[in-house]
Each structure stands twice: as structure tokens, then as C-alpha cells.
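J.: the following comprises the amino acid sequence and a computationally predicted model.
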Amino acid sequence: MRRVVCPGSFDPVTNGHLDIIGRASTLYDEVYVAIGFNRTKRSGLFDVDERVEMIEEVTAHYGNVKVEAFEGLLVDFCRRRDIPAIIKGLRAVTDFDYELQMAQMNYGLTEVETLFVATNPLYSFLSSSLIKEVATYGGDVSGLVPPTVLRRLTERLADK
């Protein structure tokens, strides 16, 4: 069985994330979406359980996507699940600089491979941070996140 992990914070999950997850689901038997968190840090706009719920909801139609939260090193997550590869979307050259260092560290620790996928140009500017900022000031992000995520995002920001 061919497995890959797509890691991130996904706070919130965007259409750019879903593009990478969906493309990975056509190439691998199992795609793990690994939501990293740190108990000592503020959890973000959505807590980790909410992020798991949202991603499970918007990826349910793939059938081969599993969603889990993890704390610690991604390579340990991979080792425990016998996952030999990480898949990462690259939006720009600046992403590559950071991601290459992470890939080399991960390979050096456990020989887990990292595969880079060029982001769909429609989403090359997209990040969860940008979504939150634009939505906070009333900007329209409806084409950038799934409808269920948009609903939750709108409700959460209205509560603040």
C-alpha cells in the first residue's frame, strides 16, 4: 500500500490545500492529512479538533484520505504509520527555500522522502493567514475556501 502524508496547520483549510490533497489522492492509495499542533502555543482561530472535523468533511468524497492531528516531529508521525513520503505544495520560490531545508532534515533523520508539487496557479497566492486577515476585515473569501469552511469562518469571526 502506497502512503503519503500532507502536513500543515490548516487553520483553516483552503482550496489550495484541497487541490494538493486531491491530487495526492489520485497518486497514492492512502493520503494522511496530518494537522500539526503544539499544546504550549495558542491554538489559532480553530482548535485542532475543529480542523480535523472540517478536513474530514471536505475530503470525505475521496475515500482514501485520513485526517489526524499530531504533536511533535512529522517524521515520527510517518514512522509510526509506515509512511515513506511527505507531499508539499509549493506556491513560490520563497516556499522552496524553507521546504528544501525541512525536506533535507526529514530525510537525514529518517530517510522520509519529500515530494514537491507545484501549486495550481489559481491558488499560488493563497494562505490560511491571508484568508483569516481578509475575512476579518469583511473581504470576500468565498471562492478560496469550501462552503462549509466559509460558514464556520464567518461564524467564528462574528463571535470575536
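T.: That came through fine.
J.: in this structure, where is pLDDT below threshold?
T.: The model of the chain has pLDDT under 70 over residues 41-42, 160.
J.: in it, which helix is the longest?
T.: If you go by DSSP state H, the chain has its longest helix at helix 93-110.
J.: and that helix, what other elements does it pack with?
T.: helix 74-81, strand 85-90, strand 113-118 (3 or more CB pairs under 8 Å, 6 or more residues apart in numbering; DSSP states H and E). In short, each C-beta sits where N, CA and C put it, glycine included.
J.: nearest to G16 among those would be which one?
T.: strand 85-90 (6.7 Å; CB to CB).
J.: list the buried residues of that closest one.
T.: I86, I87, K88, G89, L90 (16 or more other CB atoms under 10 Å).
J.: among the helices and strands packed on helix 93-110, which is the most enclosed?
T.: With neighbours taken as mean count of other CB atoms under 10 Å, the helices and strands packed on helix 93-110 reach their highest mean count in strand 85-90, at a mean of 20.
J.: can you pull out the strands in the chain?
T.: Shown for the chain, the strands assigned by DSSP state E span residues 3-8, 30-36, 65-70, 85-90, 113-118.
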